[in-house]
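**Q** I would like the atomic coordinates for the input below:
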Amino acid sequence: MQYLIDASVYVFRAYYSMPEDMVDDNNNPINALYGFCRFIGDFMEQVTPEYIAVLFDESLADSFRKDIYPEYKANREPAPPELKRQFEQCRRYVRALGVMECSSPSYEADDLIGTLVTHGRNHGRSSTIVTRDKDLSQLIAKDDVFWDFAGKGKIRYEQIPDTFGVWPEQIADFLALAGDAVDNIKGVPGVGKKTATVLLQHFGSLEKIYDNLDTVHEVNVRGAKTLGAKLEAHKEDAILARKLTGIACDVPIENAEAAMQPSAPRLGEINALFDEAGIGTALRRQAERISDIYRH
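**A** Residues are numbered from 1 along each chain as shown. Predicted structure coming up:
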């Protein structure tokens, strides 16, 4: 089993849940850093993974999805400077902990995770994806796990429909139909989450829905009589959206097999980072315990 952590989810979670008055000697906030370091440390102690990677997002001004649709994520406010600073510190901590961390200027963390899931399958390993983002559930196969750490817990392949309404193979199609406001993806106007779910339960996929528009009126959903016409009128929108909602699984990542195997933490680098941030003994002792695990 390999563990792939969607870092941004947990950096943001720490930023918004830890006290804002946690600052270093120069009055720089450290709440996201502290919370994220505690999460990663707890995870390493609890799981002691043999294969792990922590994947980050970069600025996506030049991402391949922006090339397809310039309005992709245009509704998002940029991260404030104090959070950008902490993101870099979080990455420093992961590296010093002896854990693979990775990002790309052209691909999102989701794509890096998808690529490493595929890499793991090619090497006979299943994956646990540690995230709260349902988009990533599209990567889950029968031996994989979607782990909402400190949330809903572990969700296996057969449980995905109960949690998200459709099967993993249908998630990208679902988002293309219903849209995804978080990412500024419009989808098909007039097709909400319930309608998208019913359509996919009935037809199986976006492609099969469009192959059978003449029978859409028979589906037991509100507004079925006019639904076929809506889908036909916005076919190009749906196809465009599907290019955005699917996760790329072919990102070039060098030396992934060796990099995913954690090494002993570099305690000097961790202590230097914690000295800068004014972080005390509890997390340092945790790093020492992790070092004991991975030195043997």
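**Q** okay, CA-based contacts and neighbour counts for the rest of this
**A** Will do.
**Q** what are the ranges of the strands in the chain?
**A** Counting by DSSP state E, the chain forms strands over residues 2-6, 52-55, 100-102, 127-130, 145-148, 153-156, given from the N-terminal end onward.
**Q** Is it possible to get JSON lines of the ones you listed that adds mean neighbour count and distance to Q201?
**A** Supplementary listing: those in JSON lines, determined by neighbours: other Cα atoms under 10 Å; distance: least, Cα to Cα, whole Å:
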{"stretch": "strand 2-6", "mean neighbour count": "24", "distance to Q201": "29"}
{"stretch": "strand 52-55", "mean neighbour count": "24", "distance to Q201": "32"}
{"stretch": "strand 100-102", "mean neighbour count": "21", "distance to Q201": "36"}
{"stretch": "strand 127-130", "mean neighbour count": "24", "distance to Q201": "25"}
{"stretch": "strand 145-148", "mean neighbour count": "22", "distance to Q201": "21"}
{"stretch": "strand 153-156", "mean neighbour count": "16", "distance to Q201": "19"}
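**Q** Make a markdown table out of these and add mean pLDDT and distance to Q286.
**A** As requested, these are arranged in a markdown table below (pLDDT from 0 to 100; distance: least, Cα to Cα, whole Å):
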| stretch | mean pLDDT | distance to Q286 |
| --- | --- | --- |
| strand 2-6 | 98 | 19 |
| strand 52-55 | 98 | 18 |
| strand 100-102 | 96 | 18 |
| strand 127-130 | 98 | 21 |
| strand 145-148 | 96 | 22 |
| strand 153-156 | 96 | 23 |
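**Q** Of all these, which one comes closest to D111?
**A** D111 lies closest, by Cα to Cα, to one member of the strands of the chain: strand 52-55, at 9.4 Å.
**Q** hmm, who's touching that closest one?
**A** Contact with strand 52-55 is made by 2-7, 94, 99-103, 109, 112-113, 260-262, as judged by Cα atoms under 8 Å, 6 or more residues apart in numbering.
**Q** can you pull the contacts of the nearest residue to E169 once chain neighbours are set aside?
**A** Leaving out its chain neighbours, the residue that sits closest to E169 by Cα to Cα, 6 or more residues apart in numbering is Q138, at 5.6 Å. Under the criterion of Cα under 8 Å, 6+ apart, the contact partners of Q138 comprise W167, P168, E169, Q170, I171, A172.
**Q** The fifth one: neighbour count?
**A** I171 is flanked by 26 other residues according to other Cα atoms under 10 Å.
**Q** distance of the closest residue to it other than its chain neighbours from A196?
**A** Among residues not flanking I171 along the chain, Q138 sits closest, at 5.4 Å (Cα to Cα, 6+ apart). Using Cα to Cα, to the nearest Å, Q138 is found at 16 Å from A196.
**Q** for R132, same thing?
**A** 21 Å.
**Q** which non-adjacent residue is nearest L231?
**A** In space, L231 comes closest to V188 once its chain neighbours are excluded; the distance is 6.8 Å by Cα to Cα, 6+ apart.
**Q** re earlier: mind putting the strands of the chain into JSON lines with distance to R242?
**A** Written out in JSON lines, the entries for these read as follows (distance: least, Cα to Cα, whole Å):
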{"stretch": "strand 2-6", "distance to R242": "22"}
{"stretch": "strand 52-55", "distance to R242": "23"}
{"stretch": "strand 100-102", "distance to R242": "26"}
{"stretch": "strand 127-130", "distance to R242": "22"}
{"stretch": "strand 145-148", "distance to R242": "22"}
{"stretch": "strand 153-156", "distance to R242": "24"}
